[in-house]
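Trainee: using only what follows, build the 3D model:
(chains A, B, C and D)
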Amino acid sequence: MLEKRNYTAAELLTILSARQLSDGQVVFAGVGIPLLAATLAQRLRCPGLTILFEGGVIGAFIEPGKLPPSTNDQRCTKRANMVLGSAEVLLLLQRGYVDVGFMSGAQVDQYGNLNSSFIGDPLRPKTRLPGTGGGNDIASLAQMIVAMKHEKRRFVEQVDFITSPGYLHGRDTRRKSGLLAGGTFRVVTDLAVFGFEDEKRRMQVISLNPGVTRERLQDNTGFALDFAPHLGVTEPPTDQELELVRELDPDRLYTA
Amino acid sequence: MLEKRNYTAAELLTILSARQLSDGQVVFAGVGIPLLAATLAQRLRCPGLTILFEGGVIGAFIEPGKLPPSTNDQRCTKRANMVLGSAEVLLLLQRGYVDVGFMSGAQVDQYGNLNSSFIGDPLRPKTRLPGTGGGNDIASLAQMIVAMKHEKRRFVEQVDFITSPGYLHGRDTRRKSGLLAGGTFRVVTDLAVFGFEDEKRRMQVISLNPGVTRERLQDNTGFALDFAPHLGVTEPPTDQELELVRELDPDRLYTA
Amino acid sequence: MVETEGKSIDTHGYLELRQELLRRDRSLRDKVVSLEEATSFVRDGDLVGIGGSTMSRTPMGMIWALIRAGRKRLSCSRSIMSSDGDLLLAGGICDRVVTSWFSQGILWGVSKVMRHYVETGNVRYDEWSHMAMGMRFRAGAMGVPFMPIRSMLGSDVQKQRPEAIEIDCPFTGEKLLLVPALNPDVALIHVQRCDAYGNAQIDGLQFMDIDLAMAANKVILTTERIVSNDQIRRAPDQTKIPFFAVDAVVELPFGCAPHECYGVYEPMLRHMEYYVALVNGDPVKGMQQYMDRFVHGPKSWSEFLALLGIEELLEAARAGESIYDA
Amino acid sequence: MVETEGKSIDTHGYLELRQELLRRDRSLRDKVVSLEEATSFVRDGDLVGIGGSTMSRTPMGMIWALIRAGRKRLSCSRSIMSSDGDLLLAGGICDRVVTSWFSQGILWGVSKVMRHYVETGNVRYDEWSHMAMGMRFRAGAMGVPFMPIRSMLGSDVQKQRPEAIEIDCPFTGEKLLLVPALNPDVALIHVQRCDAYGNAQIDGLQFMDIDLAMAANKVILTTERIVSNDQIRRAPDQTKIPFFAVDAVVELPFGCAPHECYGVYEPMLRHMEYYVALVNGDPVKGMQQYMDRFVHGPKSWSEFLALLGIEELLEAARAGESIYDA
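Mentor: Here you go, the predicted model:
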């Protein structure tokens, strides 16, 4: 798609997301690309990485080709280190045990806030989305990596509704609201990788994915982009990364 | 001792305490006379009585001759209905699941307050006692039955330290302090059975044990006694009660 | 109840809460009833807590029976809602959901049935964070009016929930959110096994069911199997819900179908796919068709299971038991 | 730390608490050390949380090792203290206990050793109700600064503890007591089995050990047996403490002796009776005699066990295992 080798946007997202993780981290992962990315990192570079599921699982190990359909069913517990209550696993976030939360979102804005609740009037919304789930808790209490497809209608200046807080309205507004830890750390898309600038806490392009220009990125984004002073180019997926993603998800359940 | 048949003060206490319980109740019992009394009631009249232990046991069943040395060791769990954390079993009191708490105490006063903490200066007490354990929680959150030996130095006008609250300073002081439920319901001794008068919430003799006179009871009590208008005489232990107590505690571990 | 504009926020005063408990018969007694009899423990307008999560250990049989019994105006709370929620809404028995997430399962995206009812204003969706739901049940279970949490702060989820109160911590000065206790009038929970008294053992994922059971003012258990009290007492540290918190016990094999019951059966995915295609195609007519055939059609739960097909049941059971393959 | 007159009340600010956690290596790694090496995880002046209750699952081996290592000025918190507390005081390593009850066990009445140290003003006894201790650990485990409770109110136990704050509930107007989180610097916990990473499974009575483990800034596990990670993963719903909360693992058979370890051995009552007679006869000299012979005398934990006598160990083990006789 972007390179001569064929890979899907979802495969790219998975691989770029996996690269954001470090060995020894404890990662709260949702089903789909987050789970796949965490497993990829675990197998490739981070044998001491621990994956948590919202349903109540610590130290999940995914078998290639047996990806679970949600984080709440029994498949997620197979050969895990610990199964516990779902309030208990969420409280690990609050206690500070979790380094990184890994999420997708319907809408993201310049301060890394996510909307997965609704668009329109809360009592009679135009579009009612599923809701926060653990998203608000993860985003409030851990460093968050957001992985999502890059579309203009999804990259907006301000989300219609802050379901999962990034830096709220920038600067110290997150901290002032009582959220003392965490914050959106990275946004990974099929077009670029973003970080957040230290002072204003506004989204900033760190690196452009292979073949993507500044102009194309801006055209697909609903707010004016900042670019990091030392803007990089994302390393394309390696053969090893692509092979492993395909081994883990041979049926393209998550990576179609 | 009090009657022609021989029974110990502890046996009498056990039997009189057991009579305060009704079928279907959930009873929080400490080791010793409380446990024995609850088991006696369960076997004699109250098959649907449930016994809880502070260590984390619901629905304990004591086998004759195998009384546990404390409520925290494994013997207490044998053939119980449920074993759970000790905070969890105490929280049942707070949630309201427990009808009756059953305790002994070192000192009791006219308002049914108990002291099991210390006598003297808190930072350098004359006598340091073991402390509240779950006593304060039980007394704060459930109807309490106190079973203790009747001695003048232990039946005082005001306890040196309120470890487990009865009616505090009488009238509505308990409720005003934030304790909305529970209260000392009965005090059972080897000399008499006491209740609490509705208005002043002061201790009141309900019935004198067989052979005990008003004068003897007053002589052994550190405050001026009130007698209920219809003062009764305690029914002496029946053969059935005595036999069962002795079957449950053949070695007189609790009833010496 | 403490009232806010028009609608209760479900927080009880302590004496009222204890009064409810005092009224319950907490003695060790047989509580076994039929599925139909169990519906009488739920009254119109009740706040109902639903156990399990997403497609796991959902008390589907009990929900199915409540729809057939024609209950009205239930407020249903569950940490994560799935097609159980679709049935509650389309079955006409529920006009408010209290949850953190409502979809048909991650495989199929957002529920069009839920969207239909919420977007037309016929059903109110009270959104809390997943942890907040857990802490509301926990406060209820502990007999206190609130739990402090550190999430929801600053977000619009907080702004939508004035029932939660923000404070400055008297110990640290930090901002905290106090979420109010949730004590459902009745909880519906499905377990792998319990005895006739209601001592329940849950294998695998527990979700928030223990707190939910202790928080509720009544608990209806459905169970794959009623076992002897002796069996329970041989492993008392596996008991997760004590009998005195339980008011009715219904033996209901495959009681979560077409959802999963840990270690017993996995979700019946063929049926779920048929269902999703039908109802998302037309959330009103499709759902009516489904209800006619699968909810109102069968004479009994066994007849419903027969409609799912023995093959799908066996396949789900084989997959369910495989969790114990070493 | 938030300070009151002279002495910390053990409540940490949130950022400090998280900072402590960030410093810990939470990766899946081998943490097995010797009993002697494990003592280095406890520093002089630490706030130490002790698992188990009364004479059950007490980490006696670890306490024994800390006395031999000569730690100083520890503040020790345990919901219910027993002869473990005697050793801490007489061993000279502890100058404050935070507990609800301190005795030698119900059979022997109040501890004369405890009385000696507290009544001479050498040791401070901070008394909380049993539930308050549990809720302090729970708040610590949950990462919040307090838990609301409905006990201790009105009593002199409350008056002695200005660290707890009484409030009027913003939801119900009721009086509540907020007890501050207790996050020990280090927790000592003994379990039946864990793997080399620290995934721990606890059988039978759990007491407050799970909250204690999650509340503490470091956890030292002693275990009857180190098992393979595969064994743990075959029954993940039996894991009670996750490996990333654990910092050191010591394999220590009979690690609770002379106390009990559920399902493995009951208390060694002959030794306990010998002990109580000796130390209550003269809480200073008797205790010194006991320490010389049983704590400082043996070269190793095995030598200590040999002093207890193989016969008593076998008898205790026979009784311990009998809990599983149907």
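Trainee: got a pLDDT number for the residue nearest the centre of chain C?
Mentor: Among the residues of chain C, the one closest to the centroid is residue C:50, at 1.1 Å (Cα atoms, centre = their mean). As predicted, residue C:50 sits at a pLDDT of 98.
Trainee: what are the bridge partners for it, then?
Mentor: residue C:188 (DSSP bridges).
Trainee: test my guess that it contacts residue C:57.
Mentor: No: assessed by Cβ atoms under 8 Å, residue C:50 is found out of contact with residue C:57, at 10.2 Å. No exception for glycine: its C-beta is placed from N, CA and C like everyone else's.
Trainee: show me the strands in the stretch 151-300 of chain C, by range?
Mentor: In the stretch 151-300 of chain C, the strands defined using DSSP state E, counting those that start in this stretch lie at C:165-168, C:175-180, C:186-194, C:200-201, C:219-226, C:239-241, C:248-251.
Trainee: before we move on, what SS does the residue most central in space within chain A have?
Mentor: A centroid search over chain A (Cα atoms, centre = their mean) returns residue A:146, at 2.7 Å, as the residue closest to the centre. Following DSSP: H, G, I helix; E, B strand; the rest coil, we place residue A:146 in the strand state.
Trainee: that one contacts residue A:113, correct?
Mentor: No: contact criterion Cβ under 8 Å: residue A:146 and residue A:113 do not qualify, at 10.0 Å.
Trainee: so what sits against both of these two?
Mentor: Counting by Cβ atoms under 8 Å, 6 or more residues apart in numbering or on different chains, the common neighbours of residue A:146 and residue A:113 are residue A:184.
Trainee: for the residue nearest to the centre of chain A, which non-adjacent residue is spatially closest?
Mentor: Nearest residue to residue A:146, sequence neighbours excluded (Cβ to Cβ, 6 or more residues apart in numbering or on different chains): residue A:187, at 4.6 Å.
Trainee: just residue A:52 next, same as before
Mentor: In space, and not counting its chain neighbours, residue A:52 is closest to residue A:28: 4.8 Å by Cβ to Cβ, 6+ apart.
Trainee: tell me the contacts of that neighbour?
Mentor: A:52, A:54, A:93, A:98, A:100-102, A:134, A:138, A:142.
Trainee: could you tell me which of those residues belong to helices?
Mentor: A:93, A:138 (DSSP state H).
Trainee: any chance of JSON lines for the contacts of residue A:28, columns pLDDT?
Mentor: As requested, those are exported to JSON lines (pLDDT from 0 to 100):
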{"residue": "A:52", "pLDDT": "96"}
{"residue": "A:54", "pLDDT": "93"}
{"residue": "A:93", "pLDDT": "98"}
{"residue": "A:98", "pLDDT": "97"}
{"residue": "A:100", "pLDDT": "96"}
{"residue": "A:101", "pLDDT": "95"}
{"residue": "A:102", "pLDDT": "90"}
{"residue": "A:134", "pLDDT": "95"}
{"residue": "A:138", "pLDDT": "97"}
{"residue": "A:142", "pLDDT": "97"}
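Trainee: wait, which of the contacts of residue A:28 is closest to residue B:233?
Mentor: residue A:93 (64.1 Å; Cβ to Cβ).
Trainee: picking that back up, for the residue nearest to the centre of chain A, give the beta-bridge partners.
Mentor: In beta-bridge terms (that is, DSSP bridges), residue A:146 pairs with residue A:103, residue A:187.
Trainee: residue contacts, it?
Mentor: Neighbouring residues of residue A:146 by Cβ under 8 Å, 6+ apart: A:103-105, A:108, A:112, A:114, A:184, A:186-188.
Trainee: of those residues, buried ones?
Mentor: A:103-105, A:108, A:112, A:114, A:184, A:186-188 (16 or more other Cβ atoms under 10 Å in any protein chain shown).
Trainee: ok, whatever residue of the stretch 151-256 of chain A ends up closest to chain B - how many residues close by?
Mentor: In the stretch 151-256 of chain A, the residue that lies nearest chain B is residue A:181 (26.4 Å; Cβ to the nearest Cβ). Here the number of neighbours of residue A:181 (other Cβ atoms under 10 Å in any protein chain shown) works out to 21.
Trainee: same question for residue C:162.
Mentor: 11.
Trainee: do residue C:302 as well
Mentor: 12.
Trainee: mind giving me the packing neighbours of the host helix or strand of it?
Mentor: Residue C:302 belongs to helix C:301-308 when assigned by DSSP states H and E. If contacts are counted by 3 or more Cβ pairs under 8 Å, 6 or more residues apart in numbering or on different chains; DSSP states H and E, helix C:301-308 sits against helix C:60-69.
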